[in-house]
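Trainee: Quick one: sequence plus predicted model below, questions after.
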Amino acid sequence: MTSLQKAARPLLTSPLRPPFLPTLPLARRLTAPLLRSTYATHSSTTPPPNPSSRKSITITSDDGRVRWTDLSPREKAARTTQQSFNFLIVILGVVATGFVASVLWGDVFSSSSKVSHFNRVVERIKSDARCVDVLGNPRKIRAFGDGSWNRWTRNRAIPSRVVKDAAGNEDLYMQFNVVGPAGEGRVHVHMRRRKGEGEFAYRELWLDPKGKSRIYLERADAAAVGEKKAPGKMFGVKWW
């Protein structure tokens, strides 16, 4: 191989590269300042957010996202009014819940409630042999209040009232209907709770079966009237 061929071999075997194209690291160093200047120019053209461009806060549009220190005096008044109104709604809800709970306890769950007395009277009717004779099987006896003009009404209210006298005694009056396989009737209840006592006591309780004579289960009022009218006697002599 001649010296001319040896000198030409490196030129033939090495990849051709134009003399004007720089290497990759050099290209990065050359283009980096240009990219930084482009990003800086783009960020400098974006306007900063203007606090005055936000929507004004009102009572209905305040969602609490804007800080208190960023609010104007008018907006602070709007937020204070909104929070006061919300607090008032919460208080009214708590009061209403307490009122409903007290009514339910007094009329349904308490042992001295009307519903409790009604259930106990129904059990007495079902356990009395005379009532079972005129009504039929106690397991099939149903008790309910007066009918309603609305045919869609499912619950029939039990007619009842509580009367309080001048001495502080309470009288409970209640009436409802009972129906069994053999007959039907109406129940009358009179109970009294004297002042200072915790429970009602039966004064009168009877069943008026349809087409049959009245059945008394409690008759304390009649007994008290009889004792009051009975003349006093001693040694066979009427003294008063």
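Mentor: Received, thanks.

Trainee: CA only for contacts and neighbour counts going forward, please
Mentor: OK.

Trainee: what about the strands in this protein?
Mentor: Along the chain, the segments classed as strands by DSSP state E run 142-144, 160-164, 170-179, 184-193, 201-209, 215-219, 233-234, 237-238.

Trainee: give me the number of residues near residue 144?
Mentor: 18 (other Cα atoms under 10 Å).

Trainee: correct me, but it touches residue 174?
Mentor: No - applying Cα atoms under 8 Å as the test, residue 144 and residue 174 come out as separate, 11.7 Å apart.

Trainee: can you list residues touching both of the two?
Mentor: Common contacts of residue 144 and residue 174 (Cα atoms under 8 Å, 6 or more residues apart in numbering): residue 158.

Trainee: Test for you: state the pLDDT assigned to the closest residue to residue 167 other than its chain neighbours.
Mentor: Distances taken as Cα to Cα, 6 or more residues apart in numbering put residue 195 closest to residue 167, at 7.3 Å, once the chain neighbours are dropped. For residue 195, the pLDDT comes out at 87.

Trainee: ditto for the one 10 residues further on
Mentor: At residue 205, the model reports a pLDDT of 95.

Trainee: Who are the contact partners of it?
Mentor: Residue 205 neighbours (Cα under 8 Å, 6+ apart): 187-190, 216-219.

Trainee: which of those are buried?
Mentor: Taking 16 or more other Cα atoms under 10 Å as the criterion, what is buried in those is 187-190, 217-218.

Trainee: can I get these in TSV with distance to residue 199?
Mentor: Shown next, in TSV, are these (distance: Cα to Cα, whole Å):
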residue	distance to residue 199
187	21
188	19
189	15
190	13
217	19
218	16
